[in-house]
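Novice: Prediction below, plus the sequence it came from.
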Amino acid sequence: MSSLPLKEKLQTLQCHFTWDFEIRDKVDAAHILHTVALRIAHTPYPNQAAYLALQAYLCHLQGRYEDALQSLREAEEFLARDHPGNVPRQALVIYGNYAWIYYHLAHYDVVERYLDQVSQICRSLNSRSPYAALIPEVHAHKGWSLLATGFRHGQQATECFQRALAEDEANGEFLAGSAIAAFASWTHSRDFQYKLEAKKKFSAIIQEEPQNYEAKMYLAKILETWDRPQGEALVEDVVRNSRDPEVLRNAAKFFQAEFPEKAIAILERAISLDPTYHLPHYDLGRCYKQQLAAAETDRREEIVAAGTEAFKMAVQKDPASVFAKLALAEMYGEKTPEYQEEIYLNLLSEVSSLSKRCQQAVYLGFGDFLFYTRKSLPEAAEKYKAGFAIAGSIWEKETLRRRLQEVADEFQQRSQTTEAAAIQHVLQRNTSPNYRNYSTRGRSWRLERQ
């Protein structure tokens with residue numbers, strides 16, 4: 001056994017505690033935990049252990065160490081079931097996570113036992129490092145975890161699965177991970193080459209696994225503007241047969257723009273399968289909001305009531321969801337602006353603890369309320385400027401820039417030239433030379449996986 005201090009040994013492990021994950025804040029971790037639970041329950045691939053190992057790490061971030069250990073115990077059970085002839089290689093990441101969690105619990109004798117197990121496996125693999133082996137199974141664990149923590153990590157996940165496939169090119173799990181990583185990279189970058197790659201890979205997966213509804217939904221999304229009839233046929237198959245609430249939620253998005261009533265029916269089925277999952281409730285509210293924009297007068301009250309209830313349920317299921325609260329505020333504003341303002345004031349009181357994107361969204365929402373509902377230009381300008389100063393989401397920043405320009409124009413029309421000039425100064429000072437190139441593409445970069 002090496003004479004290095006425990007912490008130094010732990011830092012050489014290949015596991016979630018040494019990988020660089022972009023977990024933005026506690027709200028982000030809680031959201032990922034819910035989506036990871038759905039993946040564990042519904043994944044069509046033998047990768048539950050990878051998701052459970054990630055779940056253990058996320059529980060650790062929340063200080064839930066017994067839950068973290070239970071996740072790792074379950075991961076070992078899945079390994080014994082899904083990879084009976086390959087448990088040691090598959091277990092490297094899990095043992096590494098065990099070691100780190102027991103280190104945080106100050107159970108150093110247990111830490112040593114897990115480090116010894118890792119070391120024995122690494123020796124059997126002729127690894128240069130006593131505590132790390134960069135083998136396909138480890139690359140795949142990292143790839144799945146990157147995808148589960150956000151499609152913005154698509155290119156990193158692609159690299160992981162490419163490394164795994166370089167040594168095991170026919171492995172179905174690695175091929176599936178590579179396909180989803182390519183899809184994630186396309187949704188985030190809009191690089192056409194990733195789209196072609198994902199289409200080819202999902203088509204091959206579906207040929208082999210006709211009941212893989214997750215793969216069908218991803219392929220349908222690729223075909224949405226490319227071959228709409230084929231895409232729609234795939235989604236119809238998904239809607240008829242899938243029992244995965246997240247897959248059904250994505251199916252609803254496919255129809256939302258043209259057929260909101262159909263999207264509502266699909267979301268209601270997703271909710272019936274998992275009433276605790278907040279995003280189908282949130283998306284249901286968005287469908288009602290879309291209906292409201294085109295509703296006849298005699299239906300507006302009914303739609304407002306349904307939309308308000310949907311957003312209330314989204315907040316109830318996930319009280320930390322800032323976007324659900326903002327959506328509920330807007331729906332309240334249809335009948336009771338005082339309730340709408342109350343939500344903004346409450347969010348503003350805790351804004352410093354939110355992610356940068358959420359901070360921007362709060363200032364934008366409150367600014368819109370002050371500008372369009374209260375007709376208070378100075379107060380609206382104050383909120384827009386506060387949001388615009390935050391380096392968060394490109395799309396939110398561009399929207400705030402447009403709002404500030406609207407306020408400046410309004411000031412100019414009222415001959416309040418000093419106020420208009422002050423806003424123009426803010427806009428010029430906070431716009432980098434390359435910003436406009438990014439801002440025109442901001443909306444397409446947004447991933448609809450809140």
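Specialist: Now that the structure is in, tell me what you want to look at.

Novice: all helices of the stretch 1-150 of the chain, in order?
Specialist: In the stretch 1-150 of the chain, the helices defined using DSSP state H, counting those that start in this stretch lie at 6-10, 26-42, 48-61, 65-82, 87-104, 108-124, 136-148.

Novice: what does the shortest one contact?
Specialist: Where contact means CB atoms under 8 Å, 6 or more residues apart in numbering, the residues beyond helix 6-10 that reach it are 2, 17-18, 96, 99-100, 103, 108, 111-112, 115, 131. All C-beta atoms are positioned from the backbone trio N, CA, C, and that covers glycine.

Novice: Let's see if you can find the most crowded of those.
Specialist: Using other CB atoms under 10 Å as the neighbour criterion, Gly96 leads the contacts of helix 6-10 with 28 neighbours.

Novice: Chain neighbours aside, what residue packs nearest to that one?
Specialist: Leaving aside its sequence neighbours, Gly96 sits nearest to Cys15 (CB to CB, 6 or more residues apart in numbering; 3.0 Å).

Novice: which residues touch that neighbour?
Specialist: Taking CB under 8 Å, 6+ apart, we find Cys15 in contact with 53, 92-94, 96-97, 99-100.

Novice: try Lys325
Specialist: Taking CB under 8 Å, 6+ apart, we find Lys325 in contact with 315, 343, 346-347.

Novice: out of these, which are inside helices?
Specialist: 315, 343, 346-347 (DSSP state H).

Novice: Which among the residues you listed count as buried?
Specialist: Neighbour counting over these (16 or more other CB atoms under 10 Å) leaves 315, 343, 347 as the buried ones.

Novice: Can you tell me which of those comes closest to His139?
Specialist: Using CB to CB, Val315 is the member of those that sits closest to His139, with 38.9 Å.

Novice: Just to check, the closest one is in contact with Phe323?
Specialist: No. If you go by CB atoms under 8 Å, Val315 and Phe323 don't touch, sitting 10.0 Å apart.

Novice: out of the contacts of Cys15, who's nearest Lys142?
Specialist: Nearest to Lys142 among the contacts of Cys15, with distances taken as CB to CB, is Val93, at 7.8 Å.

Novice: ok, for that closest one, nearest residue in space, not its chain neighbours?
Specialist: In space, and not counting its chain neighbours, Val93 is closest to His141: 4.4 Å by CB to CB, 6+ apart.

Novice: how near is that neighbour to Tyr95?
Specialist: His141 sits at a distance of 12 Å from Tyr95 (criterion: CB to CB, to the nearest Å).

Novice: Of those two, which one has the most company?
Specialist: The neighbour count for His141 versus Tyr95, taken as other CB under 10 Å, is higher for His141 (29 against 24).

Novice: Against Tyr218, how distant is that one?
Specialist: 21 Å.

Novice: in this structure, which ranges drop under the pLDDT threshold?
Specialist: Judged by pLDDT under 70, the chain has its weakly predicted residues at 1-3, 24-27, 431-450.

Novice: Now with 80, please.
Specialist: Within the chain, the ranges that satisfy pLDDT under 80 run 1-4, 22-28, 430-450.

Novice: the strands in it, which residues?
Specialist: With DSSP state E, there are no strands along the chain.

Novice: Map the structural domains onto the sequence of it.
Specialist: Segmentation of the chain into domains, based on automatic domain parsing, reads 6-149, 243-335, 357-450.

Novice: so how far is His104 from Asp116?
Specialist: Distance, Asp116 to His104, by CB to CB: 19 Å.

Novice: do Ala182 as well
Specialist: In terms of CB to CB, Ala182 sits 36 Å off from His104.

Novice: thinking again about what came up before, make a markdown table from the domains of the chain and add distance to Gly172 to it.
Specialist: Shown next, in a markdown table, are the domains of the chain (distance: least, CB to CB, whole Å):
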| stretch | distance to Gly172 |
| --- | --- |
| domain 6-149 | 7 |
| domain 243-335 | 19 |
| domain 357-450 | 24 |
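
Novice: Mind checking those for the one nearest to Glu197?
Specialist: Nearest to Glu197, of all these, is domain 6-149, at 15.1 Å by CB to CB.

Novice: In contact with the residue lying closest to Lys199 once chain neighbours are set aside: list those residues for me.
Specialist: Take Lys199 and drop its neighbours on the chain: the residue closest to it by CB to CB, 6+ apart is Ile222, 5.0 Å away. Counting by CB under 8 Å, 6+ apart, Ile222 touches 183, 186, 195, 198-199, 202, 231.

Novice: between those residues, which is nearest Glu296?
Specialist: Nearest to Glu296 among these is Gly231, at 31.1 Å by CB to CB.

Novice: Does the closest one touch Ala220 like I think?
Specialist: Yes. Applying CB under 8 Å, one finds Gly231 in contact with Ala220, separated by 4.3 Å.

Novice: higher neighbour count, those two?
Specialist: Ala220 (25 against 20).

Novice: contacting residues for the more buried one?
Specialist: By CB under 8 Å, 6+ apart, the contact set of Ala220 is 231-232, 234-235, 238, 251, 254.

Novice: can you do 6 Å?
Specialist: If you count contacts by CB atoms under 6 Å, 6 or more residues apart in numbering, Ala220 has them with 231, 234-235.

Novice: Including distance to Ile264, could these go into CSV?
Specialist: As requested, the contacts of Ala220 are arranged in CSV below (distance: CB to CB, whole Å):
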residue, distance to Ile264
Gly231, 20
Leu234, 20
Val235, 15
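
Novice: Nearest to Ser178 among the residues you listed?
Specialist: Within these, proximity to Ser178 (CB to CB) peaks at Leu234, which comes in at 20.0 Å.
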